[in-house]
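# Here is my input, please return the structure:
(3 chains)
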Amino acid sequence: MIEDARVLREEFVPREVEHRDGEVTHLSGMLEPVTRGEPADTAVITGPSGAGKTCIARYTVGRLREQHLDVRSQYVNCWQNYSRFRALYRILEGLGKTVDIHRRSTPHDELLDRLRRYDGPPCVVVLDEVDQLEALDVLYDLHSLPAFSLVLIANREAELFARADERLTSRLRGSETIGFDRYGLDELASILAARARWGLTADAVSTAQIRTIADAAAGDARVGISILRSAARKADRADRETVTDDLLEEAIPAGRTAVHRKNLETLTPHQRALYDAVDEVGAIEPAPLYEAYRERVDDPKTDRTVRNYLAKMVQYDLLVAEGTSRDRVYRVADPTTGHAASTAPHATDDDR
DNA sequence: GTTCCACTGGAAGACTAGGTTT
DNA sequence: AAACCTAGTCTTCCAGTGGAAC
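Here you go, the predicted structure:
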């Protein structure tokens, strides 16, 4: 019953987008100088997860490139490319200029020098999850290169600017923020219906089921699509022509936890041991947590390293840290709500 | 109110892995 | 083959913070 799995993938960008005309127009307008070969002001896109930030940015930039052959673009996910080196590397990669750059023996500045010497058509760089960058000064450097126009995507603007120093703030002064809100129920339902229409056989999912998914996703398109994908896969494996309501019930929690589980898979064995130690008891103080961690691994890292791991997992919404000092407690984050869970619900192993 | 101290997180430097140069 | 780079990871050291105990 799945006809085109690509449509149900997270990173899929549709040919036409819905319900975001204002945002598309706004971003297009901001990028308009690029079509004349001039640098555009930095655009900042903010909003909750699953509000269509990434999709709209890629769609708008893609459309710009269709209309103007003399524009290039590169998408950088700062979650995966969180260091200065990797972020710059990804941009060069998009320009096809990395052939002789090797990860280990090329100094930082060589990458920036190459970007500086770039004299091709103007390039729009989309930096997604920009708040995951460990050092924001790379934004300052990129901003000083007229050939590159920036689109920054972040969950919350305030947190991003709180980390920016004086130099960067003054550079970003000319930037404009495009705020995205959660999708409404009807909006999300029509987005999901379109995905079902493109990706699944006719009548595989009923209108009522689409609304059920949209309702469960609470305005988060990523979650909605994840649930739809999970339901379709379950039906596919069960050799059914349509999604039954029973399968859909199962797919809702599976779809919701998909993102959470994906993050878990990126953890190193040591980090995973830490997470498991918290998960086992639900909530734990730092000292006993470190002890529990030491018992779980062969060659434990120092407590300072463990604190770095914990901070990283908190940033990834895998753990929640409560209290600032002696009252600090670590909890597992509840994948279904994003908040701390008193008892940890374990992800059902599905959606694969 | 004062002191204590578990905990946090910044800074600096050592170590490791992988690459280049001589 | 040895000497030398570099980025990324981890450790060492430590100042600062703010609940908890007195």
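
# A:Tyr309 and A:His270 touch, don't they?
Yes. At 6.9 Å, A:Tyr309 counts as touching A:His270 under the criterion of Cβ atoms under 8 Å. No exception for glycine: its C-beta is placed from N, CA and C like everyone else's.

# For those two, indicate the residue with more neighbours.
A:Tyr309 (21 against 18; other Cβ atoms under 10 Å).

# quick one, phi/psi of the more buried one?
The phi/psi pair for A:Tyr309 (degrees, to the nearest 10) reads phi -60, psi -50.

# Please read off the pLDDT at the closest residue to DNA strand B within the stretch 251-352 of chain A from the model.
Closest to DNA strand B within the stretch 251-352 of chain A is A:Ala287: 3.3 Å, counting by Cβ to the nearest atom of the strand. Predicted confidence (pLDDT) for A:Ala287: 97.

# Give me the common contacts of A:Tyr309 and A:His270.
Here A:Tyr309 and A:His270 have A:Lys301 as joint contacts, going by Cβ atoms under 8 Å, 6 or more residues apart in numbering.

# before we move on, the earlier item: report how many residues lie close to the residue of the stretch 251-352 of chain A closest to DNA strand B.
10.

# list the contacts for it?
Neighbours of A:Ala287 in contact, by Cβ under 8 Å, 6+ apart: none.

# I'd like the distance from it to DNA strand C, if you could.
13 Å (Cβ to the nearest atom of the strand, to the nearest Å).

# can you check A:Ala321 too?
Counting by Cβ to the nearest atom of the strand, the gap from A:Ala321 to DNA strand C is 13 Å.

# try A:Leu192
37 Å.

# Which residues does the host helix or strand of that residue contact?
For A:Leu192, the host element (DSSP states H and E) is helix A:185-199. Under the contact criterion Cβ under 8 Å, 6+ apart, helix A:185-199 has outside partners A:2-8, A:14, A:18-19, A:183, A:204-205, A:207, A:210-211, A:213-215, A:217, A:219, A:221, A:224-225, A:228, A:232.

# As PDB, could you dump the C-alpha coordinates of it?
Output of helix A:185-199 as PDB, limited to C-alpha atoms (Å, rounded to 0.1, in the frame of the first residue of the first chain):
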ATOM      1  CA  LEU A 185      -5.800  20.800  13.400                       C
ATOM      2  CA  ASP A 186      -7.300  21.400  10.000                       C
ATOM      3  CA  GLU A 187      -4.000  22.600   8.500                       C
ATOM      4  CA  LEU A 188      -2.200  19.600   9.700                       C
ATOM      5  CA  ALA A 189      -5.000  17.300   8.600                       C
ATOM      6  CA  SER A 190      -4.700  18.600   5.000                       C
ATOM      7  CA  ILE A 191      -0.900  18.300   5.000                       C
ATOM      8  CA  LEU A 192      -1.200  14.700   6.100                       C
ATOM      9  CA  ALA A 193      -4.000  14.000   3.600                       C
ATOM     10  CA  ALA A 194      -1.700  15.300   0.800                       C
ATOM     11  CA  ARG A 195       1.100  13.100   2.000                       C
ATOM     12  CA  ALA A 196      -1.200  10.100   2.000                       C
ATOM     13  CA  ARG A 197      -2.500  11.000  -1.400                       C
ATOM     14  CA  TRP A 198       1.100  11.100  -2.900                       C
ATOM     15  CA  GLY A 199       2.600   8.300  -1.000                       C
END
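
# and it, average pLDDT?
pLDDT averaged over helix A:185-199 gives 96.

# what element comes up after that helix heading to the C-terminus?
helix A:207-217.

# Buried residues, that next one. List them.
A:Gln209, A:Ile210, A:Arg211, A:Thr212, A:Ile213, A:Ala214, A:Ala216, A:Ala217 (16 or more other Cβ atoms under 10 Å).
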